[in-house]
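>>> need the 3D shape of this:
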Amino acid sequence: MLEAKRVARMRWACRRGMLELDVLLLPFMDEAFEDLTDEQKITFERLLTSDDPDLFAWFMGHQKCDDPELAEMVSIIVNRVKVQG
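A predicted model of the protein is given here:
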């Protein structure tokens, strides 16, 4: 289980300033983060350290992430949005 301060920092890191990323990351953090395994939470935290242009390209399907763990997290987020939409 991650400590509250760490989760709060992650929530803050979801605020990217790019609308396309904000509408994916903020709702995911608020609605689905707690359902992740501890390993997936750590991967999500690592995903948040990525640059916005990379995140945008991965989420929009313009580019594939070379890191398998991050690519899986991108897939989890995108699939959740598709199910919700």
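>>> next, count neighbours for Arg15.
The burial count assigned to Arg15 is 12, neighbours taken as other CB atoms under 10 Å. For the C-beta atoms, the positions are set from N, CA and C on the backbone; glycine is no exception.
>>> thought it was touching Leu21?
No - using CB atoms under 8 Å, Arg15 is not in contact with Leu21, being 9.0 Å away.
>>> for those two, list the residues in contact with both.
By CB atoms under 8 Å, 6 or more residues apart in numbering, Arg15 and Leu21 have no common neighbours.
>>> tell me where this protein has helices.
4-13, 19-31, 38-47, 52-60, 68-84 (DSSP state H).
>>> just give me the neighbour total for Glu31.
Using other CB under 10 Å, Glu31 has 11 neighbouring residues.
>>> what does Lys41 give?
By the criterion of other CB under 10 Å, Lys41 has 19 neighbours.
>>> and the pLDDT for it?
Looking at Lys41, its pLDDT stands at 96.
>>> what sits against it?
2, 33.
>>> about what we covered before: least confident of the helices of the chain, on average?
Going by mean pLDDT, the lowest-scoring of the helices of the chain is helix 68-84, which has a mean of 90.
>>> other SSEs contacting it?
On a contact count with 3 or more CB pairs under 8 Å, 6 or more residues apart in numbering; DSSP states H and E, helix 68-84 meets helix 19-31, helix 38-47, helix 52-60.
>>> adding distance to Ile77, write these out as TSV.
Output for these, formatted as TSV (distance: least, CB to CB, whole Å):
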stretch	distance to Ile77
helix 19-31	5
helix 38-47	8
helix 52-60	7
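>>> do you know how far Glu39 is from Phe56?
Per CB to CB, to the nearest Å, Glu39 is found 25 Å from Phe56.
>>> those two: which has the busier surroundings?
More crowded of Glu39 and Phe56, by other CB under 10 Å: Phe56, with 17 against 9.
>>> Val23 is in contact with that one, correct?
No - counting by CB under 8 Å, Phe56 sits too far from Val23 to count as a contact (11.8 Å).
>>> the closest residue to Leu70 other than its chain neighbours: neighbour count?
In space, and not counting its chain neighbours, Leu70 is closest to Leu47: 5.3 Å by CB to CB, 6 or more residues apart in numbering. Residues lying near Leu47 (other CB under 10 Å) number 24.
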